[in-house]
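J.: After the sequence you'll find the predicted model.
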Amino acid sequence: MRINKIVIVGGGSSGWMTAAALCKNFPDMDVTLIESKDIKTMGVGESTLGQFNNYLQLTGLTDDSSWMKECDATYKVSIKFTDFRETDTVFQYPFGIHGADRMQRGLDAWPILRQIDPEYHTLDKFAKFYNPISYLSEKNKLTKNEDGGIPNFFFEKDTAYHLDATKFGIYLKNNICLPSGMTHIVEDVVDVCQKEDGEVDYILTESGQKLTADLFIDCTGFKSLLLEEKMGSKFISFGDTLLNDRALATKIPYSDPNEEMENTTNCTAIENGWVWNIPLWSRIGSGYVYSSKFVSRDQAEIEFRNHLKKTKKNIPDDLEMKEIFIRHGKREKAWVKNVLGIGLSYGFIEPLESTGLLTTHDNIFRLVKTLTRRNRFVSGIDKSIFNTYLDYTMDGVRSFIETHYGLSMRGDTDYWKHVTSIEYHNEYDVQQLEINIFRQSNFNGLIGGMPYIAAGMGYLPTYKVGRGLPGSGELPYEEIEQFKNINREFKMFHDTMVSYVNGLPTHYQFLKETIYQD
């Protein structure tokens with residue numbers, strides 16, 4: 001089948017992101033997007049990962065100043081986890097690659113240094129030892145690094161973004177999609193008619209239009225109007241291990257943007273879940289992701305407001321709270337006959353680690369690649385490869401998120417007692433968990449960040465440090481001396497980095513100089 005005509009059902013960020021990628025990469029393709037006029041969005045803020053830069057390149061948005069102001073966007077270089085291991089603890093998952101110059105023994109070097117000098121090498125030092133970008137996050141500073149002061153930091157690929165996803169979708173619509181000549185219809189879909197073989201024949205709108213296509217892309221959110229309801233792609237729930245099924249979201253004004261506009265997404269664990277903090281340019285987006293099995297909606301709001309009052313200045317009492325229902329899981333297949341689900345219509349895992357937009361733009365990237373390979377000719381094998389890739393990716397993300405709960409040492413509430421007692425069964429990582437955490441050759445990307453999470457949780461390999469003989473399991477004298485030298489070198493490096501980063505502009509100042517000059 002050669003795909004020359006596509007109808008996207010549903011707008012929002014996933015619909016317009018899909019449309020923009022198709023319009024940009026296949027200018028002669030017939031693309032139509034139909035969306036309801038009654039869809040309401042809140043724009044609480046979205047957080048992205050470094051892979052989002054692939055999508056920006058795919059759509060030609062390589063100049064940040066061309067789109068960031070329109071989308072209330074700020075930069076991000078790390079994810080910070082507060083109170084996840086235990087209360088009053090913080091650790092990071094910084095972006096970019098590790099510092100190869102200190103990788104002489106691979107990922108086991110720092111745990112050995114921790115035994116040699118435990119008072120200095122507290123758990124928060126792990127990220128600093130392997131990735132200097134963590135200094136930018138800790139001090140809330142930013143630089144394009146043109147002088148190379150931050151080793152292995154490449155601004156164009158090691159920064160991600162906080163943005164208003166609704167505004168981003170509108171920007172794509174107005175600046176890429178509509179100028180390309182694609183068709184935009186604002187109407188409700190009243191019927192989906194199928195052929196005898198199960199393929200979608202046409203979509204019927206409220207005005208009586210019959211929309212036909214070679215491929216129908218479902219971007220209707222959790223409703224999954226085409227993929228699940230019509231094509232019968234069964235929903236596979238992840239709710240047995242990922243219990244957070246609700247969120248309360250709000251918008252918070254700044255008291256001091258120079259201090260509060262962080263270049264990191266801060267995730268803070270509280271009584272029955274965790275709170276996100278996403279600093280946009282004009283305000284902060286925040287939300288409480290929790291489990292309704294352990295707390296009511298009203299009590300969750302009390303916990304959320306109490307947290308905000310402890311961590312923020314001047315929190316208004318009349319903050320609007322929007323309730324969001326979360327459906328963890330995926331559809332059995334993303335691509336069924338001539339229907340493909342992208343975004344929530346295919347699957348979703350809670351926003352911890354910012355995987356919502358990640359899976360969306362990753363699926364779009366895979367679609368463009370599939371259509372490009374043989375000039376838009378798609379066979380059954382292409383669909384099978386696509387489905388297998390998405391299936392594998394979602395299972396990997398699920399396992400990665402599970403470890404954020406399973407490795408926690410908290411037990412101060414029934415919620416935390418429960419999530420830390422679950423015996424996670426996903427074979428992606430659990431089969432050889434300790435080996436996978438600290439023996440990965442790929443220390444980049446999503447699952448490659450596992451060492452940061454494990455070390456932050458205190459889940460470290462153990463070594464005997466002593467003057468051992470071969471085979472004793474203890475380090476010989478010569479290696480102990482080598483690690484003592486590495487330790488001294490790191491302390492000097494640490495002091496140099498702190499001094500250098502202290503002289504850089506804050507994230508807010510950097511944005512004013514480079515993006516928001518007005």
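T.: Okay, I see it.
J.: contacts and neighbour counts: CA atoms only from here.
T.: Fine.
J.: ok, then the element right after the lowest-mean-pLDDT helix or strand in the chain?
T.: Counting by mean pLDDT, DSSP states H and E, the chain has its least confident helix or strand at helix 433-438, which shows a mean of 54. Using DSSP states H and E, the next helix or strand after helix 433-438 towards the C-terminus is helix 450-456.
J.: what does that following helix rub up against?
T.: Defining contact as Cα atoms under 8 Å, 6 or more residues apart in numbering, one finds that helix 450-456 is touched by 85, 90-93, 123-124, 126-127, 400, 404, 407, 437-438, 443, 460.
J.: just these: which has the poorest pLDDT?
T.: Lowest in pLDDT among the contacts of helix 450-456 is residue 443, which has 39.
J.: From the contacts of helix 450-456, which land in strands?
T.: Judged by DSSP state E, strands contain the following of the contacts of helix 450-456: 90-93.
J.: For these, work out which two are farthest apart.
T.: Within these, 90 and 93 form the most distant pair, 10.5 Å apart (Cα to Cα).
J.: ok, how many other residues are close to the residue nearest to residue 319 when sequence neighbours are not counted?
T.: Using Cα to Cα, 6 or more residues apart in numbering and skipping residues adjacent in sequence, the residue nearest residue 319 is residue 250, 6.8 Å away. Residue 250: 18 surrounding residues under other Cα atoms under 10 Å.
J.: And the residue lying closest to residue 200 once chain neighbours are set aside, how far from residue 226?
T.: Distances taken as Cα to Cα, 6+ apart place residue 194 nearest to residue 200, at 4.3 Å, with adjacent residues excluded. Distance from residue 194 to residue 226, counting by Cα to Cα, to the nearest Å: 11 Å.
J.: need the contact list for the closest residue to residue 159 other than its chain neighbours.
T.: In this structure, residue 159 finds its nearest non-sequential neighbour in residue 77, 5.0 Å apart by Cα to Cα, 6+ apart. When contacts are counted by Cα under 8 Å, 6+ apart, residue 77 touches 94-95, 133-134, 136-137, 158-160, 263-264.
J.: And residue 178, by the same measure?
T.: Contact analysis of residue 178 by Cα under 8 Å, 6+ apart lists residue 184.
J.: repeat for the one 10 residues further on
T.: Residues in contact with residue 188 (Cα under 8 Å, 6+ apart) are 34-37, 205-206.
J.: now do 6 Å
T.: Residues near residue 188 by Cα atoms under 6 Å, 6 or more residues apart in numbering: 36, 205-206.
J.: any idea how far it is from residue 343?
T.: For residue 188, the distance to residue 343 equals 19 Å [Cα to Cα].
J.: repeat for residue 116
T.: Separation of residue 116 from residue 343 (Cα to Cα): 47 Å.
J.: ok, the two, which is more surrounded?
T.: In this view residue 116 and residue 343 are compared by other Cα under 10 Å, and residue 343 has more residues nearby, 28 against 17.
J.: shouldn't the more buried one be in contact with residue 360?
T.: Yes: contact status for residue 343 versus residue 360: in contact at 4.8 Å, counting by Cα atoms under 6 Å.
J.: what's the spacing between residue 502 and residue 451?
T.: Residue 502 is 27 Å from residue 451, where distance means Cα to Cα.
J.: more neighbours, the two?
T.: For residue 502 versus residue 451, the count of surrounding residues by other Cα under 10 Å is larger for residue 451: 23 against 14.
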